[in-house]
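# I would like the atomic coordinates for the input below:
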Amino acid sequence: MLHLIPARLHRALLPMAHRLRHHWRRLRGAPIAGCAIIVHDFSGAVLMMRHSYGPAVWALPGGGIGAREQPEQAVRRELFEETGLVAANLALVAVIDEEISGSPHRCYLFSAVCDGLARPDQREVVEARFFPLHSLPHPLGAAARHQLEIWHDWKRSQ
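Next up is the predicted model:
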């Protein structure tokens with residue numbers, strides 16, 4: 001249904017919706033679940049993206065998990081919706097309990113391989129590119145930085 005709204009209008013409304021969601025979560029305080037995915041290509045470069053709303057930082061693909069959705073389904077859906085990419089070799093890296101907007105948040109962190117060109121949806125995501133690990137973009141979001149550290153530790157233990 002949202003795809004019926006012109007991309008430019010959708011992008012313009014997202015910052016307001018983001019603020020409302022933030023305040024709703026803070027008032028409600030109910031636990032929420034989400035997912036994030038660290039996608040790397042065959043050269044080892046990592047996919048990073050910038051949203052059209054929220055803090056002006058580079059982040060990892062991901063989002064909320066629907067009521068009747070498994071984390072694996074949600075992360076595949078989010079990756080495809082945001083970038084047009086399909087994950088291969090999907091693996092659960094960690095389950096991170098944190099707080100977002102004053103609410104308990106459980107984040108399922110995944111790793112996957114993708115070989116292709118990311119195509120940002122130009123609604124929620126305005127830029128998505130692969131970056132070598134030695135030159136990640138700035139500013140990098142705090143959540144992405146933390147998730148990348150967990151991923152590095154996970155890779156070492158494999």
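
# from here on, contacts and neighbour counts on C-alpha atoms
OK.

# What average pLDDT does the strand or helix carrying Glu127 get?
If you go by DSSP states H and E, Glu127 is part of strand 125-131. Across strand 125-131, pLDDT averages out at 96.

# Over to stretch 59-66?
Stretch 59-66 carries an average pLDDT of 95.

# tell me which residues in it are buried?
59-65 (16 or more other CA atoms under 10 Å).

# what do you get for stretch 137-154?
137, 140-141, 144, 147-148, 151.

# Restricted to helices, list the residues you listed.
Cross-referencing those against helices under DSSP state H gives 144, 147-148, 151.

# what bridges to Trp58?
Arg50, Leu140 (DSSP bridges).

# before we move on, the earlier item: just checking, what packs against the strand holding Glu127?
Identification of packing neighbours for strand 125-131 by 3 or more CA pairs under 8 Å, 6 or more residues apart in numbering; DSSP states H and E yields strand 46-51, helix 71-83.

# Widest-spaced pair of the buried residues of stretch 137-154?
Across the buried residues of stretch 137-154, no pair lies farther apart than Pro137 and Trp151, at 17.4 Å, counting by CA to CA.

# Name the SS class of Pro120, please.
coil (DSSP: H, G, I helix; E, B strand; the rest coil).

# separation between it and His146?
23 Å (CA to CA, to the nearest Å).

# What separation is there between the closest residue to Ala112 other than its chain neighbours and Arg50?
Using CA to CA, 6 or more residues apart in numbering and skipping the chain neighbours, the partner closest in space to Ala112 is Leu90 (4.5 Å). Remark: distance between Leu90 and Arg50 (CA to CA) = 22 Å.
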